[in-house]
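Colleague: Here is the input, now give the coordinates:
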Amino acid sequence: MSFYNILHEKHTWDQIKDFIYSRENIHVENALLKAEKSAEDFATLLSPAAENYLEEMASIASRITRQRFGKTIKLYAPIYLSNECTNSCVYCGFNRKNDIERKTLSFDEIEKEATVISSQGIRHILLVSGESPNLVNMEYLKEAVNICKKYFSSISIEIYPLSEENYNELYKEGVDGLTIYQETYNEKTYSQVHPAGKKRDYLWRLESPERGAQAGIRTVGIGALMGLEDFRTEEFFVGMHADYLIKNYWKTHFTISFPRIRKAAGNFTPYQIISDKNLVQCMLALRIFKNDAGLVISTREPAEFRDNILPLGVTQMSAGSKTEPGGYNNEKHTGEQFEVEDNRSVAEFVQSLKDKGFDPVNKDWDRAFLSTT
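Modeller: This is a model prediction of the structure:
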């Protein structure tokens, strides 16, 4: 059964939402006692009733994370290749209708960005672009990857969905990671917030993580944009997607992100404001449900919040991020996708991690591992 079928047959949106909001304290207590958590237990841990048990959940999540990952935080940074886009996503600063300065980096500019980031010690890079396949096409992407191979040991992409064949081409070129958020798993809401452009194709995007895994990509990241729908129901489907992927593509490591909608061009108003407590509950529930998934918190979040959640399950964080093309070499920041909240330099963030007893990991992968000679 495909995950799309699971969405529509096994766990419908309204049924899950009703279930989550019907949970009581006794259901949470029973769920926490179980060694293996079912989908129903996971939904229970996302419920309003579970807010009364966040301390217990935090203790369990922290223990699981220490056992699986130690006190390590993998660091990465994004390079925004292009903010040109053919989509009209209502929440995104890159929306084609927004009046922002548009730019696609030249290969020389990509090299300059890579030079700055690598000089700060970062060895995991994430290449990001809007959906403009006429400009950011396969040849462009391959050349960008080849430039970055000189500076980084691990290269991930966060771009528009590709075919399995195209993912495999980039994998052979040196891409070992893929990040692609479904944005919202509610198909009706998905259509409303994606009024025009290729991104309107819900199923094509939903199946992208599978195509990436089938193509051989080592790490695949998923998530929902928090604020487009009821966050409790949304995160249930994020967790079920992760569960499906982990069971079917066991050779691939999966990560889960928790991006909250931030201020951007277009001034989109979120359906729901996600509090720090809301986000923490989702992160704890997902750690308890999927023990081995990587949990990612980016510089969308403020420094104080990121520091405070370190013991609670997070395993990967961005540092020193710029969210516009050329941002690392340009003091005038225009055309950004969203406003970064944690503006600390890489060095400042690394020191903060060390001060709190955590080990910042700049490199945990090398393409030499794939060598057969």
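
Colleague: For residue 103, list the residues it contacts.
Modeller: Residues near residue 103 by C-beta atoms under 8 Å, 6 or more residues apart in numbering: 82-84, 324-326, 335. C-beta here means a position set from N, CA and C on the backbone, and glycine is covered the same way.

Colleague: from these, which two are the most distant?
Modeller: 84 and 326 (13.1 Å; C-beta to C-beta).

Colleague: returning to what we had before: kindly reformat the contacts of residue 103 as a markdown table containing pLDDT, secondary structure and neighbour count.
Modeller: Formatted as a markdown table, the contacts of residue 103 follow (pLDDT from 0 to 100; DSSP: H, G, I helix; E, B strand; the rest coil; neighbours: other C-beta atoms under 10 Å):
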| residue | pLDDT | secondary structure | neighbour count |
| --- | --- | --- | --- |
| 82 | 95 | strand | 23 |
| 83 | 92 | coil | 28 |
| 84 | 94 | coil | 20 |
| 324 | 88 | coil | 22 |
| 325 | 91 | coil | 29 |
| 326 | 91 | coil | 23 |
| 335 | 56 | coil | 23 |
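
Colleague: Tabulate those (a markdown table), appending distance to residue 37.
Modeller: Listed next are the contacts of residue 103 as a markdown table, based on distance: C-beta to C-beta, whole Å:
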| residue | distance to residue 37 |
| --- | --- |
| 82 | 41 |
| 83 | 40 |
| 84 | 43 |
| 324 | 40 |
| 325 | 42 |
| 326 | 45 |
| 335 | 43 |
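
Colleague: Which pLDDT value goes with the residue positioned nearest the centre of the chain?
Modeller: By C-alpha atoms, centre = their mean, the chain has its centre lying nearest to residue 257, at 3.6 Å. Residue 257 carries a pLDDT value of 97.

Colleague: dump the residue contacts of it.
Modeller: Contacts of residue 257 were listed using C-beta under 8 Å, 6+ apart, and they are 179, 181, 221-223, 295-298.

Colleague: sec struct for the closest residue to it other than its chain neighbours, please.
Modeller: Once flanking residues are discounted, residue 257 sits nearest to residue 223: 3.7 Å by C-beta to C-beta, 6 or more residues apart in numbering. Per DSSP: H, G, I helix; E, B strand; the rest coil, the secondary structure class of residue 223 is strand.

Colleague: about what we covered before: in terms of distance to residue 273, which of the contacts of residue 103 ranks first?
Modeller: When the contacts of residue 103 are compared against residue 273 (criterion: C-beta to C-beta), the nearest one is residue 324, at 25.1 Å.

Colleague: tell me which residues of stretch 69-89 are tucked away?
Modeller: 69, 73-89 (16 or more other C-beta atoms under 10 Å).

Colleague: circling back to that earlier point, between the contacts of residue 257, which sits nearest residue 205?
Modeller: Closest to residue 205, out of all of the contacts of residue 257 and judged by C-beta to C-beta, is residue 181, at 8.7 Å.

Colleague: State whether the closest one is indeed within a strand.
Modeller: No: under three-state DSSP, residue 181 sits outside any strand and is assigned coil.

Colleague: which residues touch the helix or strand of the chain with the lowest mean pLDDT?
Modeller: Within the chain, no helix or strand scores below helix 3-5, which has a mean of 87 by mean pLDDT, DSSP states H and E. For helix 3-5, contacts defined as C-beta under 8 Å, 6+ apart pick out 203, 206-207, 210, 240-241, 244-245.

Colleague: Which of those residues fall within helices?
Modeller: Those of the contacts of helix 3-5 mapping onto helices are 203, 206, 210, 240-241, 244-245, per DSSP state H.

Colleague: and which of the residues you listed is nearest to residue 13?
Modeller: Closest to residue 13 out of the ones in helices among the contacts of helix 3-5 is residue 240 (11.6 Å), distances taken as C-beta to C-beta.

Colleague: For that closest one, the count of nearby residues, please.
Modeller: 21 (other C-beta atoms under 10 Å).

Colleague: so who does it touch?
Modeller: 3, 6, 11, 39, 42.

Colleague: now residue 270
Modeller: Neighbours of residue 270 in contact, by C-beta under 8 Å, 6+ apart: 91, 227-228, 261.

Colleague: So it, which state does it fall into?
Modeller: With three-state DSSP as the basis, residue 270 sits in coil.

Colleague: where does the chain dip in pLDDT?
Modeller: Flagging of the chain using pLDDT under 70 yields the residue ranges 265-266, 331-338, 365, 367-373.

Colleague: Strands along that one, start to end?
Modeller: Counting by DSSP state E, the chain has strands at residues 72-82, 124-129, 154-158, 177-179, 219-223, 253-257, 294-297, 316-318, 359-361.

Colleague: okay, those in a markdown table with distance to residue 352 next?
Modeller: A markdown table is the format used below for the strands of the chain (distance: least, C-beta to C-beta, whole Å):
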| stretch | distance to residue 352 |
| --- | --- |
| strand 72-82 | 10 |
| strand 124-129 | 18 |
| strand 154-158 | 23 |
| strand 177-179 | 24 |
| strand 219-223 | 23 |
| strand 253-257 | 21 |
| strand 294-297 | 14 |
| strand 316-318 | 10 |
| strand 359-361 | 9 |
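
Colleague: I'd guessed residue 156 sits against residue 175; true?
Modeller: Yes: counting by C-beta atoms under 8 Å, residue 175 is a contact partner of residue 156 at 6.9 Å.

Colleague: quick one: which of the two has more around it?
Modeller: More crowded of residue 156 and residue 175, by other C-beta under 10 Å: residue 175, with 27 against 23.

Colleague: Roughly how far does that one sit from residue 134?
Modeller: 21 Å (C-beta to C-beta, to the nearest Å).

Colleague: what's the answer for residue 366, then?
Modeller: Residue 366 sits at a distance of 34 Å from residue 134 (criterion: C-beta to C-beta).

Colleague: quick one, which of those two is more surrounded?
Modeller: residue 366 (12 against 8).
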